[in-house]
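Visitor: kindly return the folded structure for what I paste below:
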Amino acid sequence: MTSGYPENWNEIANAIKQQSGYCCQRCGMQCLPPGNSYRHLPRRVRSKYTAQVHHRDRQPFNNNPNNLVTLCTGCHLSYHQGKKGNITPGQLSLSLAID
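Guide: Residues are numbered from 1 along each chain as shown. Reported below is the predicted structural model:
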């Protein structure tokens, strides 16, 4: 990948989210775990409750488990406000594959 993320990023991120119980490690929000259908929820609600993985040092190539933290969408976006992150806001937009 040219973004600095490894080819197995999805596997790494899924393991981190699973270890946290799909709970935001900043605000404590319980996010939606995979395996259920959330089509009955509006897209904005699904987006709000989607767990994401953040690199504490903002380096996508550093995938040491101590560098990775599960965050809800709001907390993840707040860490990247002010263009302090390693990715653009557009890259944080969610493509929900939840059935």
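Visitor: C-alpha only now, for contacts and for neighbours.
Guide: Noted.
Visitor: ok, now how distant is the closest residue to Ser3 other than its chain neighbours from Thr73?
Guide: Here the nearest residue to Ser3 in space, its sequence neighbours aside, is Pro60; by CA to CA, 6 or more residues apart in numbering that works out to 7.7 Å. With distances defined as CA to CA, to the nearest Å, the gap from Pro60 to Thr73 amounts to 17 Å.
Visitor: checking my notes, His76 in a strand, right?
Guide: No: assigned with DSSP: H, G, I helix; E, B strand; the rest coil, His76 falls outside any strand and is helix.
Visitor: next, the closest residue to it other than its chain neighbours: secondary structure please.
Guide: Using CA to CA, 6+ apart and skipping the chain neighbours, the partner closest in space to His76 is His54 (6.7 Å). When classified by three-state DSSP, His54 comes out as strand.
Visitor: pLDDT of the single longest helix found in the chain, averaged?
Guide: Determined from DSSP state H, the single longest helix within the chain is helix 9-19. pLDDT averaged over helix 9-19 equals 96, rounded to a whole number.
Visitor: next: stretch 64-78.
Guide: 95.
Visitor: ok, now which ones touch the residue nearest in space to the middle of the chain?
Guide: Here the mean C-alpha position of the chain is nearest to the C-alpha of Gln52 (CA atoms, centre = their mean), at a distance of 1.1 Å. Listed by CA atoms under 8 Å, 6 or more residues apart in numbering, the contact partners of Gln52 are Ala13, Lys17, Thr70, Leu71, Cys72, Thr73, His76.
Visitor: out of those residues, which end up buried?
Guide: In those, burial by neighbour count holds for Ala13, Lys17, Thr70, Leu71, Cys72, Thr73, His76, counting by 16 or more other CA atoms under 10 Å.
Visitor: now do the strands in the chain.
Guide: For the chain, the strands defined by DSSP state E cover 51-55, 68-72.
Visitor: now do the last one: which elements does it pack against?
Guide: The one in question is strand 68-72. In terms of contacts (3 or more CA pairs under 8 Å, 6 or more residues apart in numbering; DSSP states H and E), strand 68-72 is packed against helix 9-19, strand 51-55.
Visitor: try 6 Å this time
Guide: Packing contacts for strand 68-72, counted by 3 or more CA pairs under 6 Å, 6 or more residues apart in numbering; DSSP states H and E, involve strand 51-55.
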